[in-house]
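Asks: Quick one, what's the 3D model for this:
(chains A and B)
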Number of protein chains: 2
Amino acid sequence: MAKVDIFSKIPDLNYKEESDYQNSADFTKLVNSRRSCRVYTDDPVPEEVIQKCLDLALLAPNSSNLQPWQFYWVKSKDKRKLLNKYCLNQPAASTAPEIIVAVACPEMWRTTRKLMLQAFEEQDEVKTPKAAIQYYKKIVPLAYDQGPLGIKGRIKKVVLYLMGFKKPTPRGPASKSDMRTWAHKSTALACQNLMLAFRSYGYDTCPMEGLDENRVHDLLELPRSARVCMAISVGKRAKNGIYGPRIRFDRDLFVKTV
Amino acid sequence: MAKVDIFSKIPDLNYKEESDYQNSADFTKLVNSRRSCRVYTDDPVPEEVIQKCLDLALLAPNSSNLQPWQFYWVKSKDKRKLLNKYCLNQPAASTAPEIIVAVACPEMWRTTRKLMLQAFEEQDEVKTPKAAIQYYKKIVPLAYDQGPLGIKGRIKKVVLYLMGFKKPTPRGPASKSDMRTWAHKSTALACQNLMLAFRSYGYDTCPMEGLDENRVHDLLELPRSARVCMAISVGKRAKNGIYGPRIRFDRDLFVKTV
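Replies: Numbering: from 1, shown residues only, chains lettered A, B, ... in the order given. Reported below is the predicted structural model:
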């Protein structure tokens, strides 16, 4: 399989990118100051801040660089009124100057794999290894196309299962549901960037999942396959914006050493 | 429904948490310096750094604070050898000093909702509103328990569908697959914190999804319902660690204003 080439061997590339960035004290402060904000002041969020934070969100790592995400900034007053209702009128939505809806796009790879191939052709800094081109040409459709009614996915599941007896084999995505999870994961990575970015600009956020996904889907006129990942409200924290001290449990429940 | 109380009204709490943190220049540098690293040097990652970064990961926002995540630091040499194989021996795994496997835990809410109730009882800074206690006592099991073979989920789906005709209604999670997605989303938020945390300490990471989930599941002896979200390798970037310049496409594809 062509996959093996780019995955198991270190390609001989003439590219160097170093970084001496280090500032854990600052990042620790940032993470500690990010709390989910439930009540906002009326202070507006400047457009420039929103755009810059969205740019930082888009720099999150993501699956095979296929960027299966979209961010809908709901600016229209009419749509915003409806969105508040669809977010069950929780204060984190109704008092927020802005809401951005993060959308997981399981079908985005169809567009972005082509854009990747185009980008490879255009970039002259580095000669793209053949295996990478093959990956986007052949492996990506094989991996992500589940076929009508997910039939290709079902066949793939069986094939991967059988291959899996012989050697380590990725088992998915092998269904439309797997594809949704796949897109949600990358989208959530970008959401975390987005929320931290706003905090770094002095604004607070609240990620909301308790919403009417179907109505939001219609409101944003999303394609059938897309799914609302979360709505993120943004603004300046009101004095009563944080409901209580942060609650975390014994880390041994979550951190395991094996 | 008790839900409405805590969700649509601002509770009268005697809690204040302000933050004047702001440092967008630094966060922008951090996000820009985080690249997926495919080749590492032999430099070890100090245990202290790993633990601190895991602590920062655990501060990510998450669904209803139910923290449906686990992080497995694979320290055992034998297990690590196998893990490299299960990550298809890609250099991002095989050259990495450390790998942490992030696991989505759809059943974690059974434990953490009780811990939330306990935490409410113990905290004396703020008097927890009754609606919040009711939320964890009654709504959480209703929302997250899908029942044997997902039967409760199916019933819930129908009920929410019918309720949805009348008023905005969250539509899920209403299946075991929804629960997996639910857990993956929160886990991915924490993964992004983790990767940025390592970068802030001067270490690089690579999130890997191309792995044999079944074998990793067995290796870590995960509960049946848990799912590998991604494996994150950590170390010092080798000179050839980054394969090429970052590729992002026209932001209009991803950012929409409505």
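
Asks: Just the strands from chain A, written as ranges.
Replies: Along chain A, the stretches classed as strands by DSSP state E are A:69-73, A:98-104, A:204-208, A:227-235, A:255-257.

Asks: Can you lay out these as a markdown table showing mean neighbour count and mean pLDDT?
Replies: Heads up, the C-betas are built off the backbone N, CA and C, glycines and all. Written out in a markdown table, the entries for the strands of chain A read as follows (neighbours: other C-beta atoms under 10 Å in any protein chain shown; pLDDT from 0 to 100):
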| stretch | mean neighbour count | mean pLDDT |
| --- | --- | --- |
| strand A:69-73 | 23 | 98 |
| strand A:98-104 | 25 | 98 |
| strand A:204-208 | 26 | 98 |
| strand A:227-235 | 25 | 98 |
| strand A:255-257 | 17 | 98 |
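
Asks: Check what pLDDT A:I6 gets.
Replies: What the model reports for A:I6 is a pLDDT of 62.

Asks: circling back: among the strands of chain A, single out whichever gets nearest to B:V126.
Replies: Go through the strands of chain A one by one with C-beta to C-beta and the one that ends up closest to B:V126 is strand A:204-208, at 17.9 Å.

Asks: middle-most residue in chain A, spatially?
Replies: Geometric centre of chain A, nearest residue: A:T187, 1.3 Å, by C-alpha atoms, centre = their mean.

Asks: As CSV, the strands of chain A with distance to chain B would be great.
Replies: Written out in CSV, the entries for these read as follows (distance: least, C-beta to the nearest C-beta, whole Å):
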stretch, distance to chain B
strand A:69-73, 5
strand A:98-104, 9
strand A:204-208, 5
strand A:227-235, 7
strand A:255-257, 5
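
Asks: among the ones you listed, which is nearest B:T112?
Replies: Across the strands of chain A, the minimum distance to B:T112, taken as C-beta to C-beta, is reached by strand A:255-257, at 14.5 Å.

Asks: gap between the closest one and the chain center?
Replies: 25 Å (C-alpha atoms, centre = their mean, to the nearest Å).

Asks: Could you tell me which other helices and strands it packs against?
Replies: Of the remaining helices and strands, those touching strand A:255-257 by 3 or more C-beta pairs under 8 Å, 6 or more residues apart in numbering or on different chains; DSSP states H and E are strand B:69-73.

Asks: tell me what the strand it packs on is packed against?
Replies: Contacts of strand B:69-73 with other secondary structure elements, assessed using 3+ C-beta pairs under 8 Å, 6+ apart, are made with strand A:255-257, helix B:47-57, strand B:98-104, helix B:176-200.

Asks: change it to 6 Å
Replies: Secondary-structure packing of strand B:69-73 (3 or more C-beta pairs under 6 Å, 6 or more residues apart in numbering or on different chains; DSSP states H and E): strand A:255-257, strand B:98-104.

Asks: what's in contact with it?
Replies: Around strand B:69-73, the neighbours that count as contacts under C-beta atoms under 6 Å, 6 or more residues apart in numbering or on different chains are A:254-258, B:54, B:100-103, B:105, B:187, B:190, B:220.

Asks: for the residues you listed, which one is nearest B:T128?
Replies: A:F254 (22.8 Å).

Asks: Distance of A:L253 relative to chain B?
Replies: Using C-beta to the nearest C-beta, to the nearest Å, one gets 7 Å for the distance from A:L253 to chain B.

Asks: likewise A:R215?
Replies: 6 Å.

Asks: Do I have it right that A:K85 meets B:S8?
Replies: No: using C-beta atoms under 6 Å, A:K85 is not in contact with B:S8; the gap is 10.5 Å.

Asks: Any residues of the stretch 51-200 of chain A in contact with chain B? List them.
Replies: Taking C-beta under 6 Å from any C-beta of the partner chain, the part of the stretch 51-200 of chain A that reaches chain B is made up of A:54, A:56, A:58-59, A:61, A:63, A:70-75, A:79, A:85-86, A:88-91, A:115, A:119, A:125-126, A:168-171, A:177, A:181, A:184-185, A:188-189, A:192, A:200.

Asks: ok, back up a step: if you count surrounding residues, which of A:K85 and B:S8 has more?
Replies: A:K85 (17 against 14; other C-beta atoms under 10 Å in any protein chain shown).
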